[in-house]
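K.L.:
how would this look folded up:
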Amino acid sequence: MWGILVALLSGALMSVQGVFNTEVTKQSSLWVSTGWVQLSAFLVCVLAWLFTGRDSIGALWQVENKYTLLGGVIGAFITITVIQSISALGPAKSAMLIVIAQLIVAYVIELFGMFGVDKAPFEWRKVLGMLIAIAGIVIFKWER
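P.N.:
Numbers count the residues shown, from 1 in each chain. Okay, here's the model as predicted:
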């Protein structure tokens, strides 16, 4: 149950953040807004680290698969692409397309056991679920 609640909160926060970032971008620029997002996130992480335990930063250099350290770089591109999609499509359409893309990519990662994730068997019901979600987007976007 905890995982479900956290996932729902994450989705809600991502939607609000996307709208906020898009508004900041309108009043500044894409790179200024994205930089601010990354800097402010870093500051929050440093403060949380100071108050919650101070695990060794050196542990980062012990990470086996160094490519997994690129999460922050990917995060910057996530911020940029969310801002641009919300600007072009609006929050609701952007969120739906982003979630569908996340589902498809996550399922492919599971199917092939990529990036150290346990390999999952192919299931038609998951594909059907994604197709239903895509149909939902088409219906949602459909204009008279």
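K.L.:
for the longest helix along the chain, name the packing helices and strands.
P.N.:
Longest helix of the chain, by residue count under DSSP state H: helix 2-27. In terms of contacts (3 or more Cβ pairs under 8 Å, 6 or more residues apart in numbering; DSSP states H and E), helix 2-27 is packed against helix 30-52, helix 71-89, helix 91-112. All C-beta atoms are positioned from the backbone trio N, CA, C, and that covers glycine.
K.L.:
tell me the mean pLDDT for it?
P.N.:
Confidence for helix 2-27, expressed as mean pLDDT, is 93.
K.L.:
now it: how far from the chain's centre is it?
P.N.:
Centroid separation for helix 2-27 versus its chain: 9 Å, with Cα atoms, centre = their mean, to the nearest Å.
K.L.:
for it, list every residue counted as buried.
P.N.:
Using 16 or more other Cβ atoms under 10 Å as the test for burial, helix 2-27 gives S15, G18, V19, N21, T22, V24, T25.
K.L.:
so V117 touches L111, yeah?
P.N.:
No - using Cβ atoms under 8 Å, V117 is not in contact with L111; the gap is 9.6 Å.
K.L.:
okay, the closest residue to I109 other than its chain neighbours and E64: tell me how far apart.
P.N.:
In space, and not counting its chain neighbours, I109 is closest to V117: 5.5 Å by Cβ to Cβ, 6 or more residues apart in numbering. According to Cβ to Cβ, to the nearest Å, V117 and E64 sit 14 Å apart.
K.L.:
who's more crowded, those two?
P.N.:
Per other Cβ atoms under 10 Å, whichever of V117 and E64 has more neighbours is V117, with 12 against 6.
K.L.:
how distant is the helix or strand of the chain with the lowest mean pLDDT from the center of its chain?
P.N.:
For the chain, the helix or strand with the lowest mean confidence is helix 124-141, at a mean of 88 (criterion: mean pLDDT, DSSP states H and E). The chain centroid and the centroid of helix 124-141 are separated by 20 Å, computed with Cα atoms, centre = their mean.
K.L.:
which other helices and strands contact that helix?
P.N.:
Using 3+ Cβ pairs under 8 Å, 6+ apart: helix 124-141 touches helix 91-112.
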